[in-house]
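1. how would this look folded up:
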Amino acid sequence: MALASALLQVMIEAVRRTARPIMRDFGEVSQLQVSRKGPGDFVTAADVKAEQTLFELLTKARPGYGFLGEERGLVEGTDKTHTWIVDPIDGTTNFMHAMPHFAITVALERTHPDGSAEIVAGVTYNPILNEMFWAEKGKGCYLNDTRIRVAGRKDLSESLIATGLPFIGKTGHAQAIKDLHAMGQRVAGIRRLGSAALDFAWVAAGRYDAYYERNLKPWDVAAGLLFVTEAGGVVTTIDGEGEARSGVSILAANPDLHPQLKRVLNG
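-> Next up is the predicted model:
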């Protein structure tokens, strides 16, 4: 990672170290301790341990930074201008079923004096494939040592689109089916693989032409927002209102497809 800054080296090292015990647990799902957070929404012992590892490593590297994690929520730091945003295992259900499609994702949010905030660095790591996606504001997006860019397709009928679907206990099922019906008539294919973090990364790498999903959380989207924009794409809310960082609704695509997809989803 010769091009990565000192900040990104910290983030990359943190996720690599966090991945080691996760890899030991992977494939031994029958041995994992699992508790319910809610209907259909599980947290494993590996999730909790991974977030604790990230918290310790990132806090040691940058004392005072805030920390927002899926499991522990917000921990305010003495430095009110920087916050780590973390999902220790994005794709927990895949992980629990020994499906090799999940990721550790970390982003850094910076708050400016005027109160505005932006994601300035992000990493998303799939330890099974040893694929490290990383980006820093204004410096491009990379997969391991190779710079990546969004795909250049302009025709929806040739495009492969990623999405997510709500599971039991979540709202939005009817809207999700409506979106699928509208999208499925216009695109070459739709995929739902169960990791928002990797959906963003794959758009940035040109594997998907676009990604949309509703009812996400900040830790699902933080690093991915930066990846797609640094790879030449566009990310907004589906209706164009509000901030994509909230995760309320997300549409990420190359600049040619983005307005077409927005019309489909808001039709």
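2. which residue ranges of the protein form helices?
-> Counting by DSSP state H, the chain forms helices over residues 6-25, 45-61, 92-96, 173-184, 196-204, 218-230, 258-265, given from the N-terminal end onward.
3. may I have the beta-bridge partners of the closest residue to Leu32 other than its chain neighbours?
-> Distance criterion C-beta to C-beta, 6 or more residues apart in numbering; nearest residue to Leu32, sequence neighbours excluded, is Thr44 at 5.0 Å. Glycine gets a C-beta too; all of them are placed from N, C-alpha and C. Listed beta-bridge partners, Thr44: Val34 (assigned using DSSP bridges).
4. surely Thr44 meets Gly91?
-> No: when contacts are counted by C-beta atoms under 8 Å, Thr44 is not listed as touching Gly91 (11.6 Å).
5. and Asp79, which of the helices of the chain is closest to it?
-> In terms of C-beta to C-beta, the element of the helices of the chain nearest to Asp79 is helix 45-61, at 11.1 Å.
6. which strands and helices sit next to the closest one?
-> Secondary structure elements in contact with helix 45-61, counted by 3 or more C-beta pairs under 8 Å, 6 or more residues apart in numbering; DSSP states H and E, are helix 6-25, strand 65-69, strand 79-90, strand 103-111.
7. for the last one, buried residues please.
-> This points to strand 103-111. By neighbour count with 16 or more other C-beta atoms under 10 Å, strand 103-111 contains the buried residues Ala103, Ile104, Thr105, Val106, Ala107, Leu108, Glu109.
8. which strands and helices lie in contact with it?
-> On a contact count with 3+ C-beta pairs under 8 Å, 6+ apart, strand 103-111 meets helix 6-25, helix 45-61, strand 79-90, strand 117-126, helix 196-204, helix 218-230.
9. 10 Å instead, please
-> Strand 103-111 sits against helix 6-25, helix 45-61, strand 65-69, strand 79-90, strand 117-126, strand 131-136, helix 196-204, helix 218-230, with contacts defined as 3 or more C-beta pairs under 10 Å, 6 or more residues apart in numbering; DSSP states H and E.
10. got the angle between the shortest one and strand 79-90?
-> Read that as strand 65-69. Strand 65-69 runs at 30 degrees relative to strand 79-90, counting by axes from the mean of the first three to the mean of the last three C-alpha atoms, to 10 degrees.
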